[in-house]
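Peer 1: Pasted the sequence and its predicted model underneath.
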Amino acid sequence: MTQALGALADRLAGQVIRPGDERYEEARRVHNAMVDVRPAAIVRCATADDVVEVVRVAAEKGMDLAVRGGGHSVPGFGTAEGAIVADLSPMQSVDVDDAQRTATAGGGTTWGRFNDVTAAHGLATTGGIISTTGIGGLTLGGGIGYLCRAHGLSCDNLLSARVVTADGSLITADENEYADLFWALRGGGGNFGVVTEFTFRVHPVTTVYGGPMFFELSDGAAVLKYFRDFIRTAPREYGGFPAFQIAPPLPFVPENRVGEPFVAVVSCWTGPVEEGERLIEGFRAVARPVAEHIGEMPYAALNSAFDGLVPPGLQHYWKAAYVRELTDEAIAVHMEYGPKVPTVNSTVHLYPIDGAVHDVPADATAFGHRDANFAPVIAGMWPDPADNERNTRWVRDYYAAIAPHSEAGGYVNFASPDDYDKVADNYGANYRRLAEVKRRYDPDNLFHLNQNIRPLPVSSPRGSAT
Ligand SMILES: Cc1cc2nc3c(=O)[nH]c(=O)nc-3n(C[C@H](O)[C@H](O)[C@H](O)COP(=O)(O)OP(=O)(O)OC[C@H]3O[C@@H](n4cnc5c(N)ncnc54)[C@H](O)[C@@H]3O)c2cc1C
């Protein structure tokens, strides 16, 4: 193994970092500090050819292969004990084609970098709400963010992908070439290969109108019910979400309310400002906000506005659901558990996934549950490992209470390591087709460090993949 890794280092444009290397401690870390493992090597891939080399070595030597984009996976899929890690972080080039309205980005690009480059062209596509998250994992799992009601999920904006498959081939998948693989990449997670380059459709988006509002818990149920009814007919340019959040020490929060839990609404409006003002005024008519920071700002600024709440090094434990109808009963459950949000870093977001997300037929991409209207996430994040028991219990209890009001699966990108048994439910009717594509492109399950879709056995009777 040592020999193989040494020979690999000689063939690469990037670097191989192994235990003993002074960069190893930093290089082995992922965003979730709960994941404390020691891979055999972290390969900082600089080119697609580097990725090909790593995939081939892992396959030949039978090593576990972890693929890391932005490193934000809550279960820590971007690393593993004894594994070889294909770390794509050096691959962050972003090129915009103004005429075609497309942007092509390296597989390790973060949304912050992507947004900064496309913003200079007055363009954007749906990404996550935190700028340090990778476009890789987020897009491959679906991609929920401020722009998804207007422009669909991140994966709905994917036009093509350069992919290194399990046999070490570098291919381009799109609607015409390797269409089955392209279908699976749009929601199926990192199961099908390493994407070295993503090409997205981008849209004219410059400044947005919005920001957070904090409401008293006593007004919480009314605000949540208003949001549910409002979003049914809200113009697609509205891309906000309700949340439970402890008020951080920010200038717009009254000092004596810092540290208290609130029901929050975070708004992002990409239409004419006057109409946005009118829509957001609707929330103030339901209840007077305790604090708010609403105004015009660059889209990229809203996309990094909450980065400070989620620095690297926190402990993470999350649970995800899909909800068709946010019933009064479900809201009552949220009002019981949401206010118990234990730390300022933790949060609960109820993302609406209607609008343009529902324009795409349920079987057109692998993303499951386009019939859902909300994708709630209970995101437990806290600094001190001594609090792990208390915080994970809050997430688990909360999830158990909303489960009867939710679909069986949840959004793969918000799931935890103990959610592997939900993978089939996460994809619903698309799961079997995913297992077939997996058999075609990765029959030996080389790419298994993810919410894993097991390849359908060659001679299996129908249904055995589940
Ligand atoms: C603070 C925080 C905020 C978040 N906000 C959002 C949000 O707003 N919207 C949303 O939809 N999700 C959000 N997520 C969830 C996020 O989508 C997932 O954690 C996602 O997996 C992160 O992708 P990554 O590339 O950063 O992670 P990584 O840990 O690097 O990778 C995650 C998975 O994707 C695979 N992968 C990554 N890049 C590639 C690639 N180029 N080719 C093949 N496989 C790859 C990995 O192998 C792994 O299985 C958030 C997560 C965190 C921690």
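Peer 2: Nice, I can see it.

Peer 1: Buried residues in stretch 226-238, which are they?
Peer 2: Neighbour-count burial for stretch 226-238, counted by 16 or more other Cβ atoms under 10 Å, picks out 226, 227, 228, 230, 231, 234, 236, 237, 238. Using the backbone N, CA and C atoms, a C-beta is placed for each residue, glycine as well.

Peer 1: for the fourth one, what are its contacts?
Peer 2: Yep, that's residue 230 we're talking about. Contact analysis of residue 230 by Cβ atoms under 8 Å, 6 or more residues apart in numbering lists 279, 282.

Peer 1: ok, residue 179 - how many residues close by?
Peer 2: 11 (other Cβ atoms under 10 Å).

Peer 1: how near is it to residue 186?
Peer 2: 11 Å (Cβ to Cβ, to the nearest Å).

Peer 1: So what sits opposite residue 43 in the bridge?
Peer 2: For residue 43, the beta-bridge partners are residue 16, residue 86 (DSSP bridges).

Peer 1: Please tell me I have it right and it contacts residue 14.
Peer 2: Yes - between residue 43 and residue 14 there is a contact under Cβ atoms under 8 Å: 6.3 Å.

Peer 1: Can you check which residues contact both of the two?
Peer 2: residue 50.

Peer 1: Tell me which of the two has more neighbours.
Peer 2: It is residue 43, of residue 43 and residue 14, that has more neighbours when counted by other Cβ under 10 Å, with 29 against 22.

Peer 1: where's the more buried one relative to residue 291, distance?
Peer 2: For residue 43 relative to residue 291 (Cβ to Cβ), the value is 46 Å.

Peer 1: Residue 48 too?
Peer 2: For residue 48, the distance to residue 291 - Cβ to Cβ - is 47 Å.

Peer 1: Kindly report the same for residue 431.
Peer 2: 43 Å.

Peer 1: do the same with residue 298
Peer 2: Using Cβ to Cβ, residue 298 is found at 22 Å from residue 291.

Peer 1: Pick out the residue of the stretch 251-400 of the chain closest to the ligand.
Peer 2: residue 310 (4.0 Å; Cβ to the nearest ligand atom).

Peer 1: number of nearby residues for that residue?
Peer 2: A count of nearby residues for residue 310, using other Cβ under 10 Å, gives 20.

Peer 1: Run a quick check on it versus residue 131, I expect a contact.
Peer 2: No - in this structure, residue 310 is not within contact of residue 131 by Cβ under 8 Å, at 10.2 Å.

Peer 1: Check which helix or strand the spatially most central residue of the chain maps to.
Peer 2: The chain has residue 138 as the residue nearest its centroid, 3.7 Å off, counting by Cα atoms, centre = their mean. According to DSSP states H and E, residue 138 maps onto helix 135-141.

Peer 1: Run through the neighbouring helices and strands of that helix.
Peer 2: Applying 3 or more Cβ pairs under 8 Å, 6 or more residues apart in numbering; DSSP states H and E, one finds that helix 135-141 contacts helix 111-119, strand 194-201.

Peer 1: Give me the contact status of the longest one with the ligand.
Peer 2: No - using Cβ under 6 Å from any ligand atom, helix 111-119 stays clear of the ligand, with a minimum separation of 8.4 Å.

Peer 1: Likewise for the last one?
Peer 2: Yes - for strand 194-201 and the ligand, the contact criterion (Cβ under 6 Å from any ligand atom) is met by 194, 195.

Peer 1: Could you list the low-confidence segments of the stretch 351-466 of the chain?
Peer 2: 459-466 (pLDDT under 70).

Peer 1: ok, which residues in it are in contact with the ligand?
Peer 2: Contacts of the stretch 351-466 of the chain with the ligand, taken as Cβ under 6 Å from any ligand atom, map to 413, 449, 450.

Peer 1: from these, which is closest to residue 2?
Peer 2: Nearest to residue 2 among those: residue 449, at 22.1 Å, using Cβ to Cβ.

Peer 1: For that closest one, grab the count of nearby residues.
Peer 2: Residues near residue 449, counting by other Cβ under 10 Å, number 22.

Peer 1: Quick one: mean pLDDT for stretch 96-105?
Peer 2: Averaged across stretch 96-105, pLDDT comes to 98.

Peer 1: could you check whether that stretch is close to the ligand?
Peer 2: No - Stretch 96-105 lies out of reach of the ligand by Cβ under 6 Å from any ligand atom, never closer than 9.7 Å.
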